[in-house]
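J.: Pasted the sequence and its predicted model underneath.
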Amino acid sequence: MQTWPDSPRPDDHERLGRRFSDAVGCDDGVGDELAQHDDRMPEVMDLQLNGKRALVTGSSGGIGAAIAHRLAQEGATVVVHGRRSGPAHEVAAEIRRRGGQSETAIADLSEPGAAERLVTEVLAGGPIDILIANAGPFSEHRFFEATDEDWTSSFAANVLSAVGCIRLAVPGMRERGWGRVVTVGTRAVPTPLPNMVEYSAAKAALTNATGALAQELSGTGITANVVSPGVILTEGLRTMFTDRAAAAGDDREWSDLEPEITTSYAPNLVGRLGRPDDIAAAVAFLASPLADYITGSVLRVDGGITKTINP
């Protein structure tokens, strides 16, 4: 039996672009490299999203792309956002190829004012009924390694980008008396990751802000919730483990490796690693009229890896 590390080695991060996470294959810089959407079509849940228009930030790859596909499959028109036009257009084109409706919007949300410009552009094309704040880059730093710039950058990209989008998208929802805001968090909120200190803290701030937003929107017909992913299987993560197994002379198929890797690397009650479509299904439900009575909540989709029960 191989021994799998509790966290990737530094050279793993170098190979994966120094952007490795348990949570968010969220923007094209991460998504293209780390998290590919599963081409299998999940079963339609009939979430009553026909006629709704959704903006999914960081949806040119990974979890964001899976969310975009799921919302489109359920009948919503989806605005695919990314930092680079190529990956965003590819996701949008695939949605249309499958019979869905999609548009694209390009912006680097780490830049000051970019969130406001993005939402203004999207609103020019129609209302935003659903806002999924998924974009959120990350880097690996321990507490005494993180600089002021690291902290500022993480909060700007993970918190202020979402806040900027919400500020401009919500007024229209208020006017129509219906809307959905879903932010994407991480298991690092209740159990901070010591090797991702500023990212863990930024996501905790976003989770707290989403709860405050839900209270602010009381009685408006708009809900605000958080989906908190666990360890999600990405192409980069799979490659890292299969390469490591091959180097040790282990040529087993992934289906045989995954249970052992899960036990050592991400032990959870389900016994496997998560998939982007697991997160997409949860987000789509919370974005639907069927979730009218759910707001101010954190929905953990982590296989039970977080060993706490929310009060």
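T.: All right, it came through fine. Numbers count the residues shown, from 1 in each chain.

J.: My guess is residue 222 contacts residue 181. True?
T.: Yes: the criterion here is Cβ atoms under 8 Å, and residue 222 meets it with residue 181 at 6.8 Å. Where you see a C-beta, it was placed from the backbone N, CA and C, and this is true even at glycine.

J.: Looking at these two, which is more packed in?
T.: The neighbour count for residue 222 versus residue 181, taken as other Cβ atoms under 10 Å, is higher for residue 181 (27 against 23).

J.: Next, the more buried one: secondary structure please.
T.: With DSSP: H, G, I helix; E, B strand; the rest coil as the basis, residue 181 sits in strand.

J.: measure the nearest residue to it once chain neighbours are set aside to residue 202 for me?
T.: Distance criterion Cβ to Cβ, 6 or more residues apart in numbering; nearest residue to residue 181, sequence neighbours excluded, is residue 224 at 4.3 Å. The gap separating residue 224 from residue 202 is 18 Å, by Cβ to Cβ, to the nearest Å.

J.: so after the helix or strand hosting the residue nearest to residue 181, what's the next helix or strand?
T.: Element membership for residue 224, per DSSP states H and E: strand 222-229. Using DSSP H and E, the helix or strand that directly follows strand 222-229 along the chain is helix 235-247.

J.: shared neighbours of residue 222 and residue 181, which are they?
T.: Residues touching both residue 222 and residue 181 (Cβ atoms under 8 Å, 6 or more residues apart in numbering) are residue 170.

J.: pull the longest helix from the chain.
T.: Criterion DSSP state H: the longest helix present in the chain is helix 197-216.

J.: Mean confidence (pLDDT) on it, please.
T.: Mean pLDDT, helix 197-216: 97.

J.: So which elements touch it?
T.: Here helix 197-216 touches helix 148-155, helix 161-176, strand 179-184, strand 222-229, going by 3 or more Cβ pairs under 8 Å, 6 or more residues apart in numbering; DSSP states H and E.

J.: Dump the ones you listed to CSV, plus mean pLDDT and distance to residue 133.
T.: Below are the helices and strands packed on helix 197-216 laid out as CSV (pLDDT from 0 to 100; distance: least, Cβ to Cβ, whole Å):
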stretch, mean pLDDT, distance to residue 133
helix 148-155, 95, 14
helix 161-176, 98, 4
strand 179-184, 98, 4
strand 222-229, 97, 9
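
J.: Residue 291 is nearest to which of the ones you listed?
T.: strand 222-229 (6.7 Å; Cβ to Cβ).

J.: quick one: strands adjacent to the closest one?
T.: Paired with strand 222-229 in the same sheet, following DSSP bridges, are strand 179-184 (parallel), strand 298-301 (parallel).

J.: ok, residues contacting the shortest one?
T.: The one in question is strand 298-301. 185, 187, 189, 207, 225-230, 274, 278-279, 282, 286, 306, 310.

J.: Among those residues, name the buried ones.
T.: Neighbour-count burial (16 or more other Cβ atoms under 10 Å) applied to those gives 185, 187, 189, 207, 225-230, 274, 278-279, 282, 286, 306.

J.: And the helices in the stretch 1-150 of the chain?
T.: Taking DSSP state H, counting those that start in this stretch as the criterion, the stretch 1-150 of the chain carries its helices at 10-15, 28-34, 62-73, 85-97, 114-124, 148-155.

J.: so can I have TSV of these showing distance to residue 217 and mean neighbour count?
T.: Shown next, in TSV, are the helices of the stretch 1-150 of the chain (distance: least, Cβ to Cβ, whole Å; neighbours: other Cβ atoms under 10 Å):
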stretch	distance to residue 217	mean neighbour count
helix 10-15	38	14
helix 28-34	29	25
helix 62-73	21	31
helix 85-97	29	18
helix 114-124	17	18
helix 148-155	23	15
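
J.: neighbours around residue 200, how many?
T.: Counted with other Cβ under 10 Å, residue 200 comes out at 22.

J.: does it really touch residue 190, like I thought?
T.: No: using Cβ under 8 Å as the test, residue 200 is too far from residue 190 to be in contact (9.9 Å).

J.: For residue 48, the count of nearby residues, please.
T.: A total of 12 residues lie near residue 48 under the criterion other Cβ under 10 Å.

J.: Give the residue farthest from the middle of the protein.
T.: When each C-alpha in the chain is compared with the mean C-alpha position (Cα atoms, centre = their mean), residue 249 comes out farthest, at 34.5 Å.

J.: in which helix or strand would I find it?
T.: Under the criterion DSSP H and E, no helix or strand holds residue 249.

J.: So, low pLDDT: which residues of the chain?
T.: Along the chain, segments meeting pLDDT under 70 span 1-42, 44, 310-311.

J.: Just give me how far stretch 121-133 sits from the chain centre.
T.: Put simply, stretch 121-133 sits 18 Å off its chain's centre (Cα atoms, centre = their mean, to the nearest Å).

J.: And stretch 48-68, by the same measure?
T.: Remark: stretch 48-68 is offset 10 Å from the chain centroid, using Cα atoms, centre = their mean.
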